[in-house]
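> sharing a sequence plus its predicted fold:
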Amino acid sequence: MNKAVNIQAMTKKVCEFEKENMKNEMMQEMMGDAIDDALNQEGNEEEEERIVSQALDEIGVSFDSKIPTAPLGKNIGETTSIHSAKPETLAADPAVDDLEARLNNLKR
């Protein structure tokens, strides 16, 4: 295997690869910073706000109007629970009867 592989050539190729890889990483970082700087220029927020407002106006959405209040179905405190329901309405189903029996066995 040692005769088939030239160690010095392989080492040289690995060093070149590492060098080119470091250059590539530095170039990517520089390009990323340049793009970030270009996108974060002053005035972009105002332009962005103008475009969003224009799009919302085109579809008819306005945040200036007040949100209507939701109608209340019941007064606060008038809630019904499973405990206040009539037993005959809950026990009409045999599956409910089975579940109640199993629950009562667990309570013991």
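Yes, it's here.
> now this structure, which segments are flagged as low pLDDT?
Where the chain drops to pLDDT under 70, the residues are 41-43, 62-92.
> longest helix of it?
With DSSP state H setting the assignment, residue counts place helix 7-39 as the longest helix in the chain.
> I'd like the next helix or strand past that one.
Downstream of helix 7-39, the next assigned helix or strand under DSSP states H and E is helix 44-59.
> C-alpha coordinates for that following helix, PDB please?
Taking C-alpha atoms only, helix 44-59 is exported to PDB below (Å, rounded to 0.1, in the frame of the first residue of the first chain):
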ATOM      1  CA  ASN A  44     -35.300  50.100   4.400                       C
ATOM      2  CA  GLU A  45     -37.700  50.100   7.300                       C
ATOM      3  CA  GLU A  46     -39.700  53.000   5.800                       C
ATOM      4  CA  GLU A  47     -39.800  51.300   2.400                       C
ATOM      5  CA  GLU A  48     -40.800  48.100   4.000                       C
ATOM      6  CA  GLU A  49     -43.600  49.800   6.000                       C
ATOM      7  CA  ARG A  50     -44.800  51.500   2.800                       C
ATOM      8  CA  ILE A  51     -45.000  48.300   0.900                       C
ATOM      9  CA  VAL A  52     -46.800  46.400   3.600                       C
ATOM     10  CA  SER A  53     -49.300  49.300   4.000                       C
ATOM     11  CA  GLN A  54     -49.900  49.400   0.300                       C
ATOM     12  CA  ALA A  55     -50.500  45.600   0.200                       C
ATOM     13  CA  LEU A  56     -52.900  45.800   3.100                       C
ATOM     14  CA  ASP A  57     -54.800  48.700   1.500                       C
ATOM     15  CA  GLU A  58     -55.100  46.700  -1.700                       C
ATOM     16  CA  ILE A  59     -56.800  43.800   0.100                       C
END
